[in-house]
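1. How does the following fold in three dimensions:
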Amino acid sequence: MALSIKPIGDRVVVEAAPAEEKTASGIYIPDTAKEKPSQGTIVAVGTGKPEEPLTVQVGDKVLYGKYAGTEITYEGKEYLIMRESDIYAVL
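-> As a prediction, this is how the structure comes out:
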C-alpha cells in the first residue's frame with residue numbers, strides 16, 4: 001500500500017481499523033455510540049532519529065492510545081499521524 005505522504009523523524013502514518021458494527025452478542029451499534037478504534041495498520045514511516053531508529057514497519061498492525069495522533073484526510077481517506085512512542089504494541 002504505497003502512500004505519497006512521507007512522515008518526518010519518528011512519526012508514522014496509521015490507517016485506523018473500522019469501528020465495530022455490532023457486539024459479540026449480535027446487537028448493532030448505532031453510529032453515535034461507536035467508539036474510536038485503537039488499532040490500525042501502518043501505511044508510512046519516517047526515517048527515525050539518528051540515535052534511535054524506528055522499530056515498526058509499513059504493514060504492521062498496531063495498538064495505540066485512544067487520543068493518540070492527529071487525524072488527517074488525504075485523497076478521501078482518514079489517517080492518523082503519530083509518534084512511534086504513541087504506539088503501545090505490534091499485533
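
2. Pick out the residue closest to the middle of the chain.
-> By CA atoms, centre = their mean, the chain has its centre lying nearest to residue 14, at 3.0 Å.

3. residues in contact with that one?
-> Residues near residue 14 by CB atoms under 8 Å, 6 or more residues apart in numbering: 40, 41, 42, 43, 62, 64, 69, 79, 80, 81, 82. Where you see a C-beta, it was placed from the backbone N, CA and C, and this is true even at glycine.

4. gap between the two ends of stretch 7-18?
-> Using CA to CA, to the nearest Å, one end of stretch 7-18 lies 23 Å from the other.

5. Surely residue 43 and residue 58 touch.
-> Yes: taking CB atoms under 8 Å as the definition, residue 43 is a contact partner of residue 58 at 6.4 Å.

6. Show me the shaky parts of this protein.
-> The chain contains residues with pLDDT under 70 at 1-2, 19-20, 23, 29, 31-35.

7. And the helices in it?
-> With DSSP state H, there are no helices along the chain.

8. Determine which residue of it is most distant from the centre point.
-> Using CA atoms, centre = their mean, the residue of the chain lying farthest from its centre is residue 25. It sits 27.0 Å away.

9. quick one: contacts of stretch 53-62?
-> Outside stretch 53-62, the residues that touch it by CB under 8 Å, 6+ apart are 1, 10, 12, 14, 39-48, 84, 87-91.

10. Just the buried residues of these.
-> The neighbour count (16 or more other CB atoms under 10 Å) marks 10, 12, 14, 40, 41, 42, 43, 44, 45, 46, 84, 87 as buried among the contacts of stretch 53-62.
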